[in-house]
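K.L.:
Structure of the sequence below:
(one chain, ligands or ions: 1)
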Amino acid sequence: MPILQAEGCARLGEVQAIPADHDPCLLQGLGIGPSKQSFADYTDSTYALREEAMVTLVTPARKTIQVQTIARDTVTIRSLDWDRDRFDIEFGLQNGTTYNSFIIQGEKTALVDTSHEKFTELYLTALREQIDLSKLDYLIVSHTEPDHSALIPLVLKLAPQAVVVCSNVAAQFLDNMIHAPYARRLVKTGDVLDLGGGHRLEFVQAPNLHWPDTMFTYDHGTQVLYTCDAFGMHFCDERTFDEDFEAIAPDFRFYYECLMAPNARSVLTALKRITPFTLETLATGHGPLLRFNIPEVTRRYDTWSQKQAQAEAAVVVFYVSDYGYSDRIAQAIAHGLTKGGVAVEMLDLRTADLLEVQETVQRVQGLVLCPPPTESTHSQAVLGSIFAAVQDKQRIGIFESYGNQESPSQILVNQLVDLGLTLAFPTLKVTQDPTPALYQTCEESGTDLAQVLMLKQTIQKSKAVAPDLDKAMGTLVGGLYIITARRGDIQTAMLASWVNQASFNPPGISIAVAKDRAIESLMHPGDSFVLNVLAEATYPPLMRHFLKRFKPGEDRFAGVKTYTATHGAPILADALAYLECRVVSRMETNDHWLVYGVVESGDVSDSEGLTAVHYRKVGNHY
Ligand code: FEO
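P.N.:
Purely as a prediction, here's the structure:
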């Protein structure tokens, strides 16, 4: 299927910049449209070309729209956001993202999800090209986070007759988003909507993937399952489908780690609910649609979630959807917890079931929560259930989201400490828009909590290795190195000894990095790092410095003399040599990531000497 590139890109750029107040065209009255002349340019130069099923419209801002038939009577409108411009942790791989919307046309017409508000003009224009909005029958809302739902109010202005189809929880959120009457139909697992023409849509509730309102929609006529965030990834590419799984696998994994791993039990429940369906396509809300690797991706979700759910310690993270940055901060903490091997369950204070709250709090070893909105009576009731169910010896972490100033976290801390709980990390107070450095601090806080909860199990496991095997493993020898990495404002370091040359041409090295290391987040494919080689004669002070336990977000380089490598990571001035590397790939083991990087440059210091060597007596620790 050819891709038609729009002509007149500059004119499309102008469209974005033109004030909307004279717009007589289809967006008239919505305050979002281009001027008449510009819109004429847009339609003439672009849509006149549109005779194929796929069209790509280009703007200088690297936002494009792709329209593609994916099944009988079914079209996707994919908003391609090539340039990452947000700092949420699941965007860490920096491959852009897409927001996928779908039109199903039986005897009646349904639209599944919309797009991000930054695509307002492009998306609505493409949508109108596909359907007459005055004849749209249903707007199916899989999930109400703004990247999929921001344009719902505008679509309903253009299609006031459309019935919104959503879960009960989604309707609560929609009521705060759509400040006008609208028709709606609440659905739950097993409910069916027949569009005619063979398109019988069955709904499946999939709460917590990754908000409490999420639901899937399965079209029995095409065997397409619309999954919104689930099975997605932040990967922007003109390929609509997953024909190159190797290219997308790291993003698929990373997205799972950030958004789905903290809800592993919910993932397993959702997988069970979709088992009866024959799946031709997983129509995801982000990234390529999945068609060629469905058994593999569902198997991976199942394996990862089984492992996560069976962890020996669990933490419940309470957050509030769409309230300040509560959900994003909670997500970063949860990511740190899962890195540390702890099972996480995330519950929304505004919607959580009180019995579920009680059961969960009684079962877990740790709790993370933020002060709930004072105006939400349900949140206050959930807080009451938490207080009634907590037990002393449980660890707690508190974060304060930008937006809930009325309910200071210190009161919450005092109440929980009075009940016998122990604070696991300093309270995280967010008073401005989160930065990557703040998310990193949140992640490290989560990992610290996980390490405390897993300490006993970690010691037990290390003692479980047979003594002879343990000694034999201890004969393996490594050098001593400091790995340093930097991304944006974040920089960190790690003492390493599991380092080896791994290729001649190009020169490459492998490093085993424990999954709960902070630096792991900065060592994904495409990231750069520096391997600093320590000298036998001078290594002790540097080793002692980087071995100490740092607080979340603490500067690892205070008091250490460094200079900056080409890609920005610190080079230690007192190292014997350094190698500047770029990560090419990672292999997962049970408790480490084996990172392979190519060496792009390097140098040795003026002082001659030997590499410091790390001898061990046993192999059950470093
Ligand atoms: Fe992609 Fe949770 O929105």
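
K.L.:
which element is residue 276 on?
P.N.:
For residue 276, there is no host helix or strand (DSSP states H and E).

K.L.:
Which helix or strand lies directly C-terminal to whichever strand or helix holds residue 445?
P.N.:
Assessed by DSSP H and E, residue 445 sits inside helix 436-463. Using DSSP H and E, the helix or strand that follows helix 436-463 towards the C-terminus is helix 467-474.

K.L.:
by contact count, what packs against the helix or strand following that following helix?
P.N.:
For helix 467-474, the following helix or strand on the C-terminal side (DSSP H and E) is strand 478-479. With contacts taken as 3 or more C-beta pairs under 8 Å, 6 or more residues apart in numbering; DSSP states H and E, strand 478-479 sits against strand 499-503, strand 613-614. (Each C-beta comes from the backbone N, C-alpha and C, glycine too.)

K.L.:
For the helix holding residue 445, buried residues please.
P.N.:
By 16 or more other C-beta atoms under 10 Å, the buried positions in helix 436-463 come out as 436, 438-454, 458.

K.L.:
same question, stretch 373-388
P.N.:
For stretch 373-388, by 16+ other C-beta under 10 Å, it's 373, 376, 378-379, 382-383, 385-386.

K.L.:
Around the ligand, which positions in this protein sit nearby?
P.N.:
Proximity of the chain to the ligand (C-beta under 6 Å from any ligand atom) is limited to residues 143, 145, 147-148, 210-211, 229, 285-286.

K.L.:
Redo these as a markdown table? Include secondary structure and pLDDT.
P.N.:
Below are the residues of the chain next to the ligand laid out as a markdown table (DSSP: H, G, I helix; E, B strand; the rest coil; pLDDT from 0 to 100):
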| residue | secondary structure | pLDDT |
| --- | --- | --- |
| 143 | coil | 95 |
| 145 | coil | 92 |
| 147 | helix | 92 |
| 148 | helix | 95 |
| 210 | coil | 86 |
| 211 | coil | 89 |
| 229 | coil | 96 |
| 285 | coil | 97 |
| 286 | coil | 96 |
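
K.L.:
and the residue in the stretch 101-250 of the chain that the ligand sits nearest to, what does it touch?
P.N.:
The minimum distance from the stretch 101-250 of the chain to the ligand, using C-beta to the nearest ligand atom, falls at residue 145 (3.5 Å). Listed by C-beta atoms under 8 Å, 6 or more residues apart in numbering, the contact set of residue 145 reads 211, 229, 321-322.

K.L.:
What of residue 136?
P.N.:
Counting by C-beta under 8 Å, 6+ apart, residue 136 has contacts 109-111, 155, 159, 161-162.

K.L.:
Residues touching whatever helix or strand residue 412 lives in, excluding its own?
P.N.:
Using DSSP H and E, residue 412 sits in helix 409-418. Residues from elsewhere that reach helix 409-418 (C-beta under 8 Å, 6+ apart): 367, 369-371, 387, 390, 396, 398-400, 423, 427, 429.

K.L.:
I'd like the distance from it to the chain centre, please.
P.N.:
30 Å (C-alpha atoms, centre = their mean, to the nearest Å).
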